[in-house]
Structure formats: structure tokens, C-alpha cells
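K.L.:
Generate coordinates for the sequence data below:
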Amino acid sequence: MSVAENLENIKKKLPENVTLIAVSKTKPAALILEAYQAGQRDFGENKVQEMVAKYEELPKDIRWHLIGHLQTNKVKYIAPFVYLIHSVDSLKLLKEINKRALQNSRVINVLLQIHIAKEETKFGLSFNEAEELLKSEEVQAMKNISIVGLMGMATNTNDQQIIEEEFCSLKSFYDKLKTEYPKFKYLSMGMSGDYKIAVKCGSNMVRVGSAIFGQRVYTNH
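P.N.:
Numbers count the residues shown, from 1 in each chain. Model prediction:
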């Protein structure tokens, strides 16, 4: 199967309101270009350095999504062009994104990453922490960021019921916040292995890599 065929197959399964982000981390520019030529415009990367290199090499109408954990000292590299940052999990990071966006005369869209999985290794805010951040005067005063929704990752398990409960709990929280924050429009949840469950639970943005590009190839570099 070619990248174009894989994209076509996945898009057929997705409702119209769901944005497909092709997760292109570790993939060469040539493969990304193949997806681009098949009409794909949203691509997700989890490493800043890799994203910057690809941004410089590839067409400029690509919408780059940072989906991995973001360190504050790396924000400045992606601030000029990043389309959406999915993984915001602290006030410190919000401050830095706001500062760098201002320097670039931009408003950067971000999602708050919510910790819904059983694993401790996953990053993210609790529901309470997210609400406190949204209500804080400091965050409300930030003019160069726009918090446009939430992102979450389910537990890495074969138990579909656990995955569904986690995704549905995040959807309920999203719906509750959306009534208070009309800017909310994205609920980013679901990856290659569980995006169908995520969509069933109300996700409108899925992050799919291996199902489009084939299995990841890790190189030591």
C-alpha cells in the first residue's frame, strides 16, 4: 500500500468533522511529500529539531503540529511557524509560548494536555489543574496564545473498555469547558491503535502515524 492509499483508507473511515494529523516523526521528507501530494496538509512531529528541519525543506502551506512533550527552552525554534501545540502541560510553558509568539507577532494556538491514562509516565494536567490554569488571571491576560482545546492519550492497553472510559471522560470534560470557553474547538485524542475508539467518544482530531507511513524505523542519531 502506498502512503496515498493509506491516507485515503483512513479518511474514508473518519467523519467529516475529524481532522487527520499525519504523524511524520522519524519519517523522511520524501515520504511526507508523498502524503502532501495526496492532499494531506496537517503533520505532527514530536521533536523540535526534526520539525524545524522539515519545515525548512518542505512546502510552506503545511500545518505543523507539535504533539510531543515540549521543553520551554525549545519553544523559540518553532514559534515562527508552528500551527498548533498539542502538549501544553504547565503555566511555565504557556508563559514561554506567549513570550515567543509576541516576538514573532503571532498568536499561537495551543491545546492543554490532560493526563487521563493509568501510566504515570504520561505527561499532562489533571482536570482540576487544567481548570485552575484556564481561570488564572495570568493566563487570561496572555494575548499571544489561544487555548483552543484539549489533548489526551489513553493508557497503552489492549483493554478497549479502559481506553473508551478514558477518552469519554476527557470528552465530558471538554464539553463542560466548551460552554465556558467558546474558543474551544479541538479535542485531540486517538492514535493509530485507538483512533476509532477516540472518534466514537467524540474526538475531532486524530494523530495517526504508522497506519499511514508504515511502522517506525528507529535509527541511532
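
K.L.:
helices or strands up against the helix or strand that contains Ala4?
P.N.:
Under the criterion DSSP states H and E, the helix or strand holding Ala4 is helix 3-13. Under the contact definition 3 or more C-beta pairs under 8 Å, 6 or more residues apart in numbering; DSSP states H and E, helix 3-13 sits against strand 19-23, helix 29-37, helix 210-213. For the C-beta atoms, the positions are set from N, CA and C on the backbone; glycine is no exception.

K.L.:
And the contacts of it?
P.N.:
Here helix 3-13 makes contact (C-beta atoms under 8 Å, 6 or more residues apart in numbering) with 1, 20, 22, 31, 34-35, 37-40, 196, 208, 211-213.

K.L.:
Stretch 48-68 now?
P.N.:
21, 23-26, 29, 32-33, 36, 41-47, 70-71, 74, 77-78, 81-87, 151, 188, 207.

K.L.:
gap between the residue lying closest to Tyr195 once chain neighbours are set aside and Ala101?
P.N.:
Closest residue to Tyr195 apart from its sequence neighbours, by C-beta to C-beta, 6 or more residues apart in numbering: Val206 at 4.1 Å. As judged by C-beta to C-beta, to the nearest Å, Val206 and Ala101 stand 26 Å apart.

K.L.:
quick one: the helices in this protein?
P.N.:
Using DSSP state H, the helices of the chain run over 3-13, 29-37, 48-57, 75-78, 91-103, 127-135, 137-140, 160-180, 195-200, 210-213.

K.L.:
In the third one, which residues are buried?
P.N.:
In terms of neighbour count (16 or more other C-beta atoms under 10 Å), helix 48-57 has its buried residues at 48, 51-52, 54-55.

K.L.:
so can I have JSON lines of those showing distance to Lys200 and pLDDT?
P.N.:
Shown next, in JSON lines, are the buried residues of helix 48-57 (distance: C-beta to C-beta, whole Å; pLDDT from 0 to 100):
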{"residue": "Val48", "distance to Lys200": "33", "pLDDT": "98"}
{"residue": "Met51", "distance to Lys200": "30", "pLDDT": "98"}
{"residue": "Val52", "distance to Lys200": "35", "pLDDT": "98"}
{"residue": "Lys54", "distance to Lys200": "32", "pLDDT": "98"}
{"residue": "Tyr55", "distance to Lys200": "33", "pLDDT": "98"}
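
K.L.:
Narrow the contacts of stretch 48-68 to just the buried residues.
P.N.:
With neighbours counted by 16+ other C-beta under 10 Å, the contacts of stretch 48-68 contain buried members at 21, 23-26, 32, 36, 41-46, 70, 74, 78, 81-87, 151, 188, 207.

K.L.:
Would you reformat the helices of the chain as CSV and include distance to Trp64?
P.N.:
Compiled in CSV, the helices of the chain are given as follows (distance: least, C-beta to C-beta, whole Å):
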stretch, distance to Trp64
helix 3-13, 17
helix 29-37, 11
helix 48-57, 6
helix 75-78, 7
helix 91-103, 14
helix 127-135, 24
helix 137-140, 24
helix 160-180, 23
helix 195-200, 20
helix 210-213, 16
